[in-house]
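Participant: Okay, structure incoming, though there's no sequence with it:
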Ligand SMILES: *Cc1c(COP(=O)(O)O)cnc(C)c1O
């Protein structure tokens, strides 16, 4: 290996490309490795997913932290990206030329005591990925995934999506000059997300089936057609999402919190967080791992079920294996997945971090979302599963009230306005075993319709000026 220049405290970038990189099967027993330009998302020997694995050059953690911070003052697009700013921890590209960035990342960590009080902890710190260019954390992984596609010389990229992946892929492909083909379950994604895909010019195919059925139908077909598949099984997407916890640690002065709480759908993001945290520890950037908590919607809870079964039987969850939820149901469409592709990767990260998995009801998600809204923060339904999960875990004594808790808000409040309106107007309902069940508008805020009558409006105005409790 080439000698590496150490990152200088003066802010000179560490020399890129100094790490060695390969793809490796996640199964330790198999352990097959592949070159980094390999196109497959799965191990050809055993069918498991692949990880991007690095041998790190010697680094000085303090100098690297300084380099990362100093890039915020640069004018280079890569330096300004909240993903590529941390490029030393994702050193898989041979050249910066292939980077496609929309200045993703750089999202705030917002403290809410109100949400903390609701959940039974002192405060919750919300890492709000809804501040991304297309409004979800998918952008953190799409910049790396699409950049790798460009590096591989791909012209067409595709994904199956519950909405946000397609919105993100459509934008990054368009910006990078690639053709995007997206498959979405017809009538099952939020309007904001569908409209984005159309606006960014992706070929948008609505399949009359749910996510799991659509995925099974097309994922081999996409690969065989030579089209680059950018679902979260793509290990380079995981690399980008891995920088979210890096940014969190930087925002916390490199002092790990006690918990990081995430919603779980296809389980790519939990995998990415775990990998990022472990690698930060390997590199000496942090000295311990926060515990991960994955929250699933009760109607789409295969990982939760598996872990419960594993506890009850005293058997390894890997041995039992994931049993898909046949007909997943939740209004939090971003996590409406019954057969998550990255369940093994996420289990590995839960084991490494002494993590937990909890489930929450539709009512709990809806109320938590309203509380996040009332805090002035706002998010889409799936994101609110985090606060609902914290409340449950705190009530069970798993999370203690003084614990430092970071919750990842995965998507923007504007993604699913139909849900928000229905909740506040008291018309929200979800399907369960063939019936429509209502969600109570416990924290609803109905709009008021008035005649153009001065006295009436004045009355409302003074009512509104009373101090709010
Ligand atoms: C994709 C997505 C999730 C689920 O993430 P996975 O990596 O599929 O587990 C949660 N929330 C939002 C808003 C999403 O877009």
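Facilitator: Okay, I see it. Small disclaimer: the values here were computed from a predicted structure and weren't measured.
Participant: who in the stretch 151-300 of the chain is up against the ligand?
Facilitator: 164, 232, 263-269 (CB under 6 Å from any ligand atom). The way it works is simple: take the backbone N, C-alpha and C, and place the C-beta from them, glycine included.
Participant: among those residues, which ones are buried?
Facilitator: Buried by 16 or more other CB atoms under 10 Å: 164, 232, 263-269, out of these.
Participant: Okay, and which of the residues you listed map to strands?
Facilitator: Counted as lying in strands by DSSP state E, out of these, are residue 263.
Participant: got the residue ranges for the helices in the stretch 101-250 of the chain?
Facilitator: Counting by DSSP state H, counting those that start in this stretch, one finds helices in the stretch 101-250 of the chain at the ranges 113-119, 138-151, 164-176, 191-199, 211-224, 235-241, 243-251.
Participant: Looking at the buried ones among the residues of the stretch 151-300 of the chain next to the ligand, which gets the smallest pLDDT?
Facilitator: Least confident of these in the model: residue 232, at 90.
Participant: what's the distance between it and residue 433?
Facilitator: Between residue 232 and residue 433 the computed distance is 29 Å (CB to CB, to the nearest Å).
Participant: repeat for residue 448
Facilitator: Separation of residue 448 from residue 433 (CB to CB): 36 Å.
Participant: Low-confidence ranges, the stretch 351-469 of the chain, go.
Facilitator: 464-469 (pLDDT under 70).
Participant: Go again with 50.
Facilitator: Low-confidence segments of the stretch 351-469 of the chain (pLDDT under 50): 469.
Participant: which one of the helices of the stretch 101-250 of the chain has the lowest average pLDDT?
Facilitator: Here those differ in mean pLDDT, and the lowest is helix 211-224 at a mean of 90.
Participant: buried ones in that one?
Facilitator: Applying a neighbour-count criterion of 16+ other CB under 10 Å, one finds 211-212, 214-215, 218-219, 222-223 buried in helix 211-224.
Participant: Tell me who's in contact with the nearest residue to residue 144 once chain neighbours are set aside.
Facilitator: Nearest non-adjacent residue to residue 144, counting by CB to CB, 6 or more residues apart in numbering: residue 240, 3.3 Å away. Residues in contact with residue 240 (CB atoms under 8 Å, 6 or more residues apart in numbering) are 83, 90, 104, 140-145, 272.
Participant: With residue 176 as the reference, measure out to residue 240.
Facilitator: Applying CB to CB, the value for residue 240 to residue 176 is 14 Å.
Participant: One more: residue 184?
Facilitator: On the measure of CB to CB, residue 184 and residue 176 end up 21 Å apart.
Participant: More neighbours: those two, which one.
Facilitator: Between residue 184 and residue 176, residue 184 has the larger neighbour count (other CB atoms under 10 Å), namely 26 against 21.
Participant: isn't the more buried one right next to residue 207, touching?
Facilitator: Yes: using CB atoms under 8 Å, residue 184 makes contact with residue 207 at a distance of 7.1 Å.
Participant: Spit out the residues that contact those two alike.
Facilitator: residue 214.
Participant: Which of the buried residues of helix 211-224 sits closest to residue 244?
Facilitator: residue 211 (22.6 Å; CB to CB).
Participant: need the contact list for that closest one.
Facilitator: By CB under 8 Å, 6+ apart, the contact set of residue 211 is 160-162, 185, 188, 328, 336-338.
Participant: Kindly provide the distance from it to residue 40.
Facilitator: Separation of residue 211 from residue 40 (CB to CB) stands at 22 Å.
Participant: ok, now residue 350?
Facilitator: Remark: distance between residue 350 and residue 40 (CB to CB) = 26 Å.
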